[in-house]
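> When you get a sec, could you give me coordinates for this:
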Amino acid sequence: MHNNENVSFANEPYRDPDFTINFKAPFNAEPRQDVLVQQFITPTEKFYVRNHAPVPDIKGESYALKVDGLVGNPLILSLSDIKNKFEKVTINASIQCAGNRRTMMSEYKKVKGVGWGIASLSTASWGGCRLRDVLEYAKAFSKNEGALHAVFWGLDFGCPEDNGKPYGSSITMEKAMDLEGDVLLAYDMNGEPLTRDHGYPLRVVAPGIIGARSVKWLDKVTVSSQESESFFQRRDYKIFHNGINWDNVEKYWDKTPSLQELSIQSAICIPAPNSTLYLPFTITGYATSGGGRKVERVDISLDGGETWDYAELMGEDKGVCNKYWSWVLFKYTITRLPQLQNKDHQKIRLVCRAWDSASNTQPKDVKDIWNLRGVMNNCWHYVDITVLNQTIKNKL
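Okay, here's the model as predicted:
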């Protein structure tokens with residue numbers, strides 16, 4: 001994080017006291033991992049929070065969205081216009097920080113960024129209008145006319161990384177204009193108006209890609225031939241190989257594409273690391289993928305990845321399509337453990353890995369995907385636990 005002494009955090013909204021706070025100002029927090037997987041739709045108050053600046057306090061009645069750039073009909077839309085002029089669409093979608101599981105990567109080798117655990121993602125029911133419909137109303141130019149990117153700017157002034165500017169980012173116009181891409185200008189979350197922490201009165205929800213592109217407190221959409229000039233598009237959220245460091249990275253920023261689609265990902269949320277348990281017990285976790293690809297399976301290992309079995313998946317079934325924007329939750333119940341026989345306890349390593357509809361799976365080792373910003377850590381997730389032998393205990 002950068003110096004933020006010139007901005008005020010005196011008007012922040014109330015937050016759930018049960019959050020794990022990873023950075024206080026700006027506020028960055030995730031729910032407890034056991035709480036995260038209790039429900040398919042995350043309650044709004046438990047939804048992880050990723051902020052880059054103080055939370056703006058915007059009045060809905062005075063709000064106006066600007067749409068400009070490579071359009072034939074520049075727009076200024078009130079919140080009422082957005083709700084009444086365009087069809088309302090509701091989708092279930094997970095939003096996941098590109099830095100999810102950064103702490104594990106940093107344990108291997110130090111990286112720069114907020115120290116997220118495994119819970120910097122959540123799933124909500126989002127309501128709003130299609131970005132596509134608004135851009136069509138604005139008569140956005142075609143790709144052949146140079147319209148390649150939809151550039152978003154927020155109203156959260158004071159981002160220290162970008163010299164006090166508001167947060168900004170962009171997605172491709174291909175994604176923005178795809179009827180099947182489901183990019184929303186959302187004003188509802190879980191059936192209620194957005195809360196301040198989650199972008200009231202209007203935010204972008206760009207499913208299937210990293211959360212950094214779903215700009216909150218949306219001020220302006222600019223159709224452009226170039227991607228966003230924001231720090232967070234040009235100098236952040238990119239992956240380099242492990243030979244790139246802060247001494248030599250400058251010459252690689254502009255050569256390296258900005259992150260968009262998420263990787264295949266999974267993590268075990270229950271049991272917690274270093275738990276001591278009796279049989280039977282159930283492993284519970286989540287799995288996600290990017291680009292709308294369906295999570296087809298989650299494998300579970302009880303021996304550090306030597307042998308595997310299938311977990312039970314709990315998620316949506318939309319048939320054959322690439323519109324799977326939400327996570328799946330998984331569970332796997334262990335009723336017997338052969339290596340525990342004739343022992344009073346046994347230490348084991350639980351491991352999970354997911355596969356999606358394109359046969360993408362997770363790499364085994366964090367060392368193979370380490371990068372200096374600690375983004376997109378999707379290596380196998382493991383949890384070390386101790387299992388006690390109830391039978392021997394009962395004989396004592």
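> which stretches of the protein have low pLDDT?
1-5, 393-396 (pLDDT under 70).
> Nearest the middle, which residue of it would you pick?
A centroid search over the chain (C-alpha atoms, centre = their mean) returns Gln96, at 0.6 Å, as the residue closest to the centre.
> Buried residues, stretch 261-270. List them.
By 16 or more other C-beta atoms under 10 Å, the buried positions in stretch 261-270 come out as Leu262, Ser263, Ile264, Gln265, Ser266, Ala267, Ile268, Cys269, Ile270. Yep, even glycine has a C-beta here, placed from its N, CA and C like the rest.
> now that stretch: how far from the chain's centre is it?
Averaging C-alpha positions (C-alpha atoms, centre = their mean, to the nearest Å) puts stretch 261-270 10 Å from its chain's average.
> hey, what's Thr90 bridged with?
Gly127 (DSSP bridges).
> Okay, it and Lys112: tell me how far apart.
37 Å (C-beta to C-beta, to the nearest Å).
> sorry, back to before: in strands only, show me the buried residues of stretch 261-270.
Judged by DSSP state E, strands contain the following of those: Gln265, Ser266, Ala267, Ile268, Cys269, Ile270.
> Would you convert those into a markdown table that also reports distance to Trp370?
Converted to a markdown table, these look like this (distance: C-beta to C-beta, whole Å):
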| residue | distance to Trp370 |
| --- | --- |
| Gln265 | 16 |
| Ser266 | 19 |
| Ala267 | 18 |
| Ile268 | 21 |
| Cys269 | 23 |
| Ile270 | 27 |
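> quick revisit: pretty sure the residue nearest to the centre of the chain contacts Ala119?
No: between Gln96 and Ala119 there is no contact under C-beta atoms under 8 Å: 10.1 Å.
> Hey, what's the angle from the longest strand along the chain to strand 265-270? Just curious.
Longest strand in the chain by number of residues, with DSSP E as the criterion: strand 345-356. For strand 345-356 against strand 265-270, the angle by axes from the mean of the first three to the mean of the last three C-alpha atoms, to 10 degrees is 150 degrees.
> Give the buried residues for the next helix or strand along the chain from strand 345-356.
Where DSSP states H and E defines the elements, the next helix or strand beyond strand 345-356 is strand 381-388. Residues of strand 381-388 classed as buried by neighbour count (16+ other C-beta under 10 Å): His381, Tyr382, Val383, Ile385, Val387, Leu388.
> Packing partners of strand 381-388?
In this structure, strand 381-388 packs against strand 265-270, strand 276-278, strand 345-356, with contacts taken as 3 or more C-beta pairs under 8 Å, 6 or more residues apart in numbering; DSSP states H and E.
> quick check: angle from the last one to strand 381-388?
Note on geometry: by the same axes, to 10 degrees, strand 345-356 and strand 381-388 are set 150 degrees apart in direction.
> Check which helices and strands strand 345-356 sits against.
strand 265-270, strand 281-288, strand 295-301, strand 381-388.
> As TSV, these with distance to Asp317 would be great.
Formatted as TSV, those follow (distance: least, C-beta to C-beta, whole Å):
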stretch	distance to Asp317
strand 265-270	19
strand 281-288	15
strand 295-301	12
strand 381-388	25
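> among the ones you listed, which is nearest Thr42?
strand 281-288 (10.4 Å; C-beta to C-beta).
> quick one: which of the buried residues of stretch 261-270 is nearest Arg196?
Closest to Arg196, out of all of those and judged by C-beta to C-beta, is Leu262, at 25.7 Å.
> mind listing the helices for the chain?
33-36, 79-85, 102-108, 131-137, 173-176, 231-234, 390-395 (DSSP state H).
> Show me which residues of the second one are buried.
What that stands for is helix 79-85. Buried positions in helix 79-85, judged by neighbour count with 16+ other C-beta under 10 Å: Leu79, Asp81, Ile82, Lys83.
> neighbouring contacts of it?
Defining contact as C-beta atoms under 8 Å, 6 or more residues apart in numbering, one finds that helix 79-85 is touched by 60-61, 63, 65, 77, 128-129, 134, 137, 185, 187, 201-202.
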